[in-house]
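>>> Here's a sequence, model it:
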Amino acid sequence: MPTKAPSLRPSQPPTPWHSQISACRPALQLVSPVSNACCSARLRRLVAFWGFWRASPGARADRADRRSMRGARAALLCLVALGRLGAAQDAPTQAQDAAIVEPVAPMYVLRGCDAQRGEIYCMRTLSCVLPDPKNPFFCVPEAVDFVGVGSFRWGASSSAYQIEGGASADGKGPSNWDVFAARPGRVHGGESGEVAADSYHKWRQDVALLRDLGVQDYRFSISWARVMPQGTGQVNAAGLRYYSDLVDALLNAGITPVVCLFHWDLPQALEEKGGWLEKDMIVRAFSDYAEVVFTALGDRVKTWITLNEPGTVVYMGYNMGLMAPGRCSDRTKCAEGDSFTEPLLAGHNMLVAHAHVVDIFRRKYRPQLGGRIGMVNCVKWAEPQNRADMKEWKLAQFLMEAEIGFFTDPLYFGDYPLSLRESVGGSSGPLPQFTDEEKFLLAGSQDFFGLNFYTSHYIYDPPNGGGIGPLGGSSWLYVTPGGLRNQLHWITERYGAPPIIITENGCDEPDVDSMADPAVPDMFRIQFMHEYIEQASIASLEGVNLQGYYVWSLLDNFEWADGYSKRFGIVHVDYDNDQKRTPKASYYWYRRLLNILRASGKGGPGMGFKEIGGSGAQEAASRGVPSAEQLGAQEDEDEAFWTRLGLTGGLVLVAAVLVMGIVVLRRREYARPVYMGGLLRRRDYDPLL
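Numbering: from 1, shown residues only. Down below sits the predicted model:
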């Protein structure tokens, strides 16, 4: 917490963390089964680490700092969560007057490297390097070996309207985005998702690309109007079969499907009945649709997302009118709508719909089929320009509670943040009230925290604030990897260390013209991915329960109001040449990273499947970009070279000893604890700060 320095340190050290195990165990019996299971797992980890500490004194020197302190951090977070839950027995289940979370990371961490060239700061060599996927001395993000273990999952993401095309194929009904994009002036260049990347017909190529990439998970969404053209009632068998075939192909390729039920494209038939503004209608319709999908795919899909970024829908669709359904108060842009009341009402109804679908899933489907379910929210880290100003930190806290807490506080506490409700007039204001039943269904209604993270901003607009860091290809996307690390800690502290999956993270290139050519290496994107993965990995080392990272996106696609003017994909799509797919340099960089993790045994479960070249390999070679097979051959050649060198002189052994010494020292620096306000926190490590 950013307060004056003297108040950060207690007069005497707090009770050692290992002595609090017995105090935490009885509290476990007082909380819900979900929290009990979560915290029990963390306590088991803590007990294991404590047993290692006591039983293996000789091993402490090289492993205890890295692992036991991470376990201690996780267990203390568990204790904090239990304290909050215990207090909730006698108080409203709500985060009241939540503490401000201290930022732990600098916002931009290139440390003087040449961002224009795409350089990154390599902690392994303490120098600026180009993250070239062909380089034999490939620099992996710092601390990534600490997240590439256990249940951690690497993946890629997409969404139905942005890649599928086939707008009216095989009985699909129109969506509100089909209608919105057809209105003049709504989308850049008058473009639409009518064809997009044509994944409805080319999905087999997409699966081959994913398999060649080496990811474990593929997150995609289902077009509601493709499955139920009118939103309710009759099911379109052809549409449902498309998703069933896709799921089967992914599983056969060793890839786990992660399925989102709603990624912004609402059936137009429901939009004409009021859409998300009509609670009773939309809750019934969403529940019926979810049951159809659960029944058809639940035997094979084990991770579900109800809603993707509902905050973006309500802000851009009901406040600004810049996305479907295009409602706002400005009559020069929108024919109808109310920018003040409708976003609150639509967001409220989306939360209620989510709660009912989760209840159905847990009661009717999970007992037989298993699986987990949650919501995905897009989050921007906010902070004052002066980190020492407590008044401005309170404003930053309010901004994050309003943006993040609107859709996530109800999922954990059953109601909105008090600060948000009070800011719009309290109980008599326009923010709807949840019924007691709705609060009951909402509290604890997600099994993981789905996080889409791209950027950060200061609390004030320009000229006194604005975005933090270099600007990417979009006007809103500022490169701030430190913001991701800070945001992960904010979520961890506020919601009691939930499991977190980064379900979207990526960027477009500042120079759109050059990036339209896949032969030009997208070094800016590689730099972006390296820095963000590194900061996420360090956050995991610091105790954040991070369980996955998915790049956005697999393919160049229809970027909503920006049409096809922005390219976020790691695979290039040629919209003028039958949607031809060509992997970019970032594709090969990501693949190389996963290959290294797999070879070192750090890739998590499922990382051992055989590598098979994808459909884009020959295309890539013809464009001058190294194919996956070429990169694999290069890796084999490098390995043979170092083997010969080791046999002739033993230099590899000497170098390894020196490098390991440096790594151990750096790991200890990461793991060195300091006490702040009674909680074990980690000392931020940045050699240039």
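
>>> Am I right that C378 is in a helix?
No. Under the criterion used here (DSSP: H, G, I helix; E, B strand; the rest coil), C378 is strand, not part of a helix.

>>> close enough to count as contact, it and T503?
No. Counting by CB atoms under 8 Å, T503 is not a contact partner of C378; they are 9.5 Å apart. Every C-beta, even on glycine, is put in place using the N, C-alpha and C of the backbone.

>>> So if I had to pick from these two, which one is more boxed in?
T503 (28 against 21; other CB atoms under 10 Å).

>>> quick one: what helix or strand has that one in it?
For T503, the host element (DSSP states H and E) is strand 500-504.

>>> partners of that strand in the sheet?
If you go by DSSP bridges, strand 500-504 pairs up with strand 449-458 (parallel), strand 546-552 (parallel).

>>> Now tell me what touches it from outside.
Applying CB atoms under 8 Å, 6 or more residues apart in numbering, the contact partners of strand 500-504 are 153, 157, 219, 258, 305, 308, 376, 378, 448-454, 484, 488, 491-492, 536, 544-550, 552-553.

>>> Kindly confirm my reading that A382 forms part of a strand.
Yes. Counting by three-state DSSP, one finds A382 located in a strand.

>>> Tell me how many other residues crowd it.
25.

>>> Please apply the same query to the one 4 residues further on.
For N386, the neighbour count with other CB under 10 Å is 12.

>>> cool, and D198?
Around D198 sit 19 other residues, with neighbours defined as other CB under 10 Å.

>>> For D170, see how far away it is.
In this view, D198 and D170 are 14 Å apart by CB to CB, to the nearest Å.

>>> Pull up the overlap in contacts between C378 and T503.
N452.

>>> Distance-wise, check the nearest residue to D508 once chain neighbours are set aside relative to D511.
Of all residues not flanking D508 in the chain, G473 sits nearest, at 3.4 Å (CB to CB, 6 or more residues apart in numbering). From G473 across to D511, the span is 8 Å (CB to CB).

>>> what about the two, which has more around it?
Ranked by neighbour count (other CB under 10 Å), G473 and D511 place G473 first, with 19 against 12.

>>> so the more buried one makes contact with G506?
No. Judged on CB under 8 Å, G473 makes no contact with G506 at a distance of 10.8 Å.

>>> Pull the distance from stretch 217-224 to the chain's centre.
Per CA atoms, centre = their mean, to the nearest Å, the displacement of stretch 217-224 from the mean C-alpha position of its chain is 15 Å.

>>> May I have that stretch as CSV, with CA atoms only?
This file holds the C-alpha atoms of stretch 217-224, laid out as CSV (Å, rounded to 0.1, in the frame of the first residue of the first chain):
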residue,chain,number,x,y,z
ASP,A,217,-5.3,-24.6,-25.1
TYR,A,218,-7.4,-22.9,-27.8
ARG,A,219,-10.0,-20.4,-26.6
PHE,A,220,-12.8,-19.7,-29.1
SER,A,221,-16.4,-18.5,-28.9
ILE,A,222,-19.6,-19.9,-30.2
SER,A,223,-21.9,-17.8,-32.4
TRP,A,224,-25.2,-17.9,-30.7
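
>>> Pull the residues that contact that stretch.
By CB under 8 Å, 6+ apart, stretch 217-224 touches 153-161, 164, 172, 175, 210, 231, 239, 243, 246, 250, 255-263, 265-267, 289, 293, 303, 305, 308, 503, 548, 550, 554.

>>> Same question for stretch 297-304.
217, 243-244, 247-248, 251, 256-261, 294, 361, 365, 369-374.

>>> Report the buried members of those.
217, 243, 247, 256-261, 294, 361, 365, 369, 371-374 (16 or more other CB atoms under 10 Å).

>>> Please list the members of these that lie in strands.
Judged by DSSP state E, the buried ones among the contacts of stretch 297-304 include D217, T256, P257, V258, V259, C260, L261, R372, I373, G374 as members of strands.

>>> Distance to Y587 and pLDDT for the residues you listed - can I get that in TSV?
TSV is the format used below for those (distance: CB to CB, whole Å; pLDDT from 0 to 100):
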residue	distance to Y587	pLDDT
D217	16	98
T256	20	98
P257	20	98
V258	19	98
V259	23	98
C260	22	99
L261	28	98
R372	29	98
I373	30	98
G374	28	98
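
>>> would you turn these into TSV with distance to M350?
Below are those laid out as TSV (distance: CB to CB, whole Å):
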residue	distance to M350
D217	24
T256	26
P257	23
V258	20
V259	18
C260	13
L261	12
R372	20
I373	15
G374	14
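
>>> R387: how many residues sit nearby?
A total of 14 residues lie near R387 under the criterion other CB under 10 Å.

>>> Need phi/psi at it.
Backbone torsions of R387, given as degrees, to the nearest 10, read phi -70, psi -10.

>>> For it, give its distance to V104.
Distance from R387 to V104, by CB to CB: 11 Å.

>>> One more: P384?
In terms of CB to CB, P384 sits 16 Å off from V104.

>>> tally of neighbours for M281?
Residues near M281, counting by other CB under 10 Å: 17.

>>> how about it, what does it touch?
Taking CB under 8 Å, 6+ apart, one finds L270, K273, G274 in contact with M281.

>>> how about 10 Å then?
G231, T232, L270, K273, G274, G275, N349 (CB atoms under 10 Å, 6 or more residues apart in numbering).

>>> Test my guess that the third one contacts N176.
It refers to L270. Yes. Using CB atoms under 10 Å, L270 is in contact with N176, at 8.2 Å.

>>> Could you give the average pLDDT over the strand holding T503?
What strand 500-504 shows for mean pLDDT is 98.

>>> between that strand and strand 372-383, how big is the angle?
Here strand 500-504 points in a direction 80 degrees away from that of strand 372-383 (axes from the mean of the first three to the mean of the last three CA atoms, to 10 degrees).
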